[in-house]
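Engineer: how would this look folded up:
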Amino acid sequence: MRFPRAVSPPAFRRSPLVVLFLTVFIDLMGFGIVIPLLPAYAERLHATPFVAGSLVGIYSLMQLVFAPVWGALSDRLGRRIVLLVSLAGSAVSYLMLGVAWSIAMLFAARVLAGVACANIAVAQAYIADVTPPNERARGMGLIGAAFGLGMVIGPGLGAGLALFGPRVPELFAAGLCLANFGLATAWLPESLPEASRPPRQFRHPLAPESLRAAAAPPGAPALFAVFFLVTLGFAVLEGTFPLAAERLFGYGESRIYGLFVYMGLVAVVVQGWLVGRLTRRVSEPALVVVGAAGLGLGLAWVPFTGGSVDLLLALALVVTGQGLAGPPLSSLISKTAGGQTHGEVLGVSQSLSAAARALGPHGGGLALERVGASPAYVAAALCALGACGLALPLGRRTERPASAPGLPLRRSG
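Structural biologist: Numbers count the residues shown, from 1 in each chain. Below is the predicted model of the structure:
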């Protein structure tokens, strides 16, 4: 995995994107350790299935509300301090989960986790600060690669830790977050100098006037719509595939888990390596179009696969399509804003992502229950193909001179 040249000095300790990659990876690995075990925690406290599902839903709701808040705060206070606060909050949330004695305590832990982990927009804004425009999609791909790698390793590690005791995975995740906090404190420099920050007057990024400002640049509304539809289509697969695989193919838990590991590894390769190679030869809007088309075709193919090989190819097409579209979309969205508002604009896009990840599993699950897997996945494919259609004219409208390519880094504290 190669890091963008503009921010890859020879010494590992001085490469901010290496440190940022590790920060996001460790954060997502802690999330991956805990999330598969949540239903068991809820069951031990005699929660109903609806309450257990709400523990996941409240996390997504907090992401929807707070992703743009963290992004906007990072524009005013700096990326480093916001990332550090969110990492500390994650550690506290896992500790609360580890000692939870009631359903109310579980909800409090999940609310704090959703607030604290809504920091992906800040990480993306950091990348936008320190990468030149031609390297930005490659840098954004690092976030996806770190996400995929953390979600591949985390669940397996959590299952192994659970053998040592029911509270061990949560406490281990809390320890990981504390170690992550120490890593970022020692090695992550600030990417946004004080002179480049806007006045500290705060306005909620989801307020109508803020949304109008975010959507004002040419091409921005289309980019937000494409981002939402791509995420929505992929979220249907994420949220419903275990049940669909059981109904369509008779797969058990271990085989389904293996397929999720496979998808995570494909995502790491695509976003951590392939995107960087392709952005040297193909424009970002073209990658979005190809990625959205591949996602749509893969989703439509999944329920009609005739065997294991076909299914692996269809899932690879889905993950590759999402991986090719996602990082260039984040890069293009960042280019609609000046350097002073990268965090706020990317926060709005991550809020849309959270909404799609909340709606996709619910809508896909309802369709799966009422009409079956094939119509559900065809509907998801239509979302992705709709995004492809909206993305076709983007090449003529979204490329504009970007803000400062690769601002100087400053270590604080």
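
Engineer: now do the strands in this protein.
Structural biologist: With strands called from DSSP state E, the chain shows none.

Engineer: okay, domains of it per the record?
Structural biologist: Here the domain assignment for the chain is 10-191, 217-398, based on automatic domain parsing.

Engineer: out of those, which gets the lowest mean score?
Structural biologist: Least confident of the domains of the chain, judged by mean pLDDT, is domain 10-191 with a mean of 83.

Engineer: kindly reformat the domains of the chain as a markdown table containing distance to residue 197.
Structural biologist: To be clear about C-beta, it is placed using only N, CA and C from the backbone, and glycine gets the same treatment. Rendered in a markdown table, the data for the domains of the chain read as follows (distance: least, CB to CB, whole Å):
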| stretch | distance to residue 197 |
| --- | --- |
| domain 10-191 | 6 |
| domain 217-398 | 7 |
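
Engineer: next, format those as a markdown table and append distance to residue 210 and mean neighbour count.
Structural biologist: A markdown table is the format used below for the domains of the chain (distance: least, CB to CB, whole Å; neighbours: other CB atoms under 10 Å):
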| stretch | distance to residue 210 | mean neighbour count |
| --- | --- | --- |
| domain 10-191 | 8 | 21 |
| domain 217-398 | 7 | 21 |
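
Engineer: quote the end-to-end distance of stretch 274-284.
Structural biologist: Distance between the two ends of stretch 274-284: 13 Å, counting by CA to CA, to the nearest Å.

Engineer: got a list of what residue 58 touches?
Structural biologist: Applying CB atoms under 8 Å, 6 or more residues apart in numbering, we find residue 58 in contact with 107, 110-111, 114.

Engineer: repeat the analysis, applying 6 Å as the threshold.
Structural biologist: Contact analysis of residue 58 by CB atoms under 6 Å, 6 or more residues apart in numbering lists 110-111.

Engineer: gap between it and residue 379?
Structural biologist: Noted for residue 58: a distance of 26 Å to residue 379, by CB to CB, to the nearest Å.

Engineer: how about residues contacting stretch 268-284?
Structural biologist: By CB under 6 Å, 6+ apart, the surrounding residues in contact with stretch 268-284 are 1, 137-138, 141, 144-145, 148-149, 320, 323, 327-328, 331-332, 395.

Engineer: what's the span of it, first residue to last?
Structural biologist: One end of stretch 268-284 sits 19 Å from the other (CA to CA).

Engineer: distance of the spatially closest residue to residue 386 that is not a sequence neighbour from residue 31?
Structural biologist: Leaving out its chain neighbours, the residue that sits closest to residue 386 by CB to CB, 6 or more residues apart in numbering is residue 229, at 5.5 Å. For residue 229, the distance to residue 31 equals 25 Å [CB to CB].

Engineer: cool, residue 183 as well?
Structural biologist: In this view, residue 183 and residue 31 are 17 Å apart by CB to CB.

Engineer: residues in contact with residue 293?
Structural biologist: If you count contacts by CB under 6 Å, 6+ apart, residue 293 has them with residue 388.

Engineer: likewise residue 30?
Structural biologist: Residue 30 neighbours (CB under 6 Å, 6+ apart): 173, 176-177.

Engineer: so can I have a markdown table of these showing distance to residue 272?
Structural biologist: Output for these, formatted as a markdown table (distance: CB to CB, whole Å):
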| residue | distance to residue 272 |
| --- | --- |
| 173 | 23 |
| 176 | 21 |
| 177 | 23 |
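
Engineer: okay, and which of these map to helices?
Structural biologist: Residues of the contacts of residue 30 located in helices (DSSP state H): 173, 176-177.

Engineer: ok, these vs residue 237, which is closest?
Structural biologist: When those are compared for distance to residue 237 (CB to CB), residue 173 wins out at 25.7 Å.

Engineer: how close does the closest one sit to residue 95?
Structural biologist: In terms of CB to CB, residue 173 sits 9 Å off from residue 95.

Engineer: also residue 289?
Structural biologist: Residue 289 sits 45 Å away from residue 95, going by CB to CB.

Engineer: what does residue 144 give?
Structural biologist: 28 Å.

Engineer: try residue 303
Structural biologist: Applying CB to CB, the value for residue 303 to residue 95 is 42 Å.

Engineer: for residue 290, same thing?
Structural biologist: Taking CB to CB, one finds residue 290 at 44 Å from residue 95.

Engineer: next one: residue 228
Structural biologist: Taking CB to CB as the criterion, residue 228 is separated from residue 95 by 34 Å.

Engineer: please apply the same query to residue 234.
Structural biologist: 32 Å.
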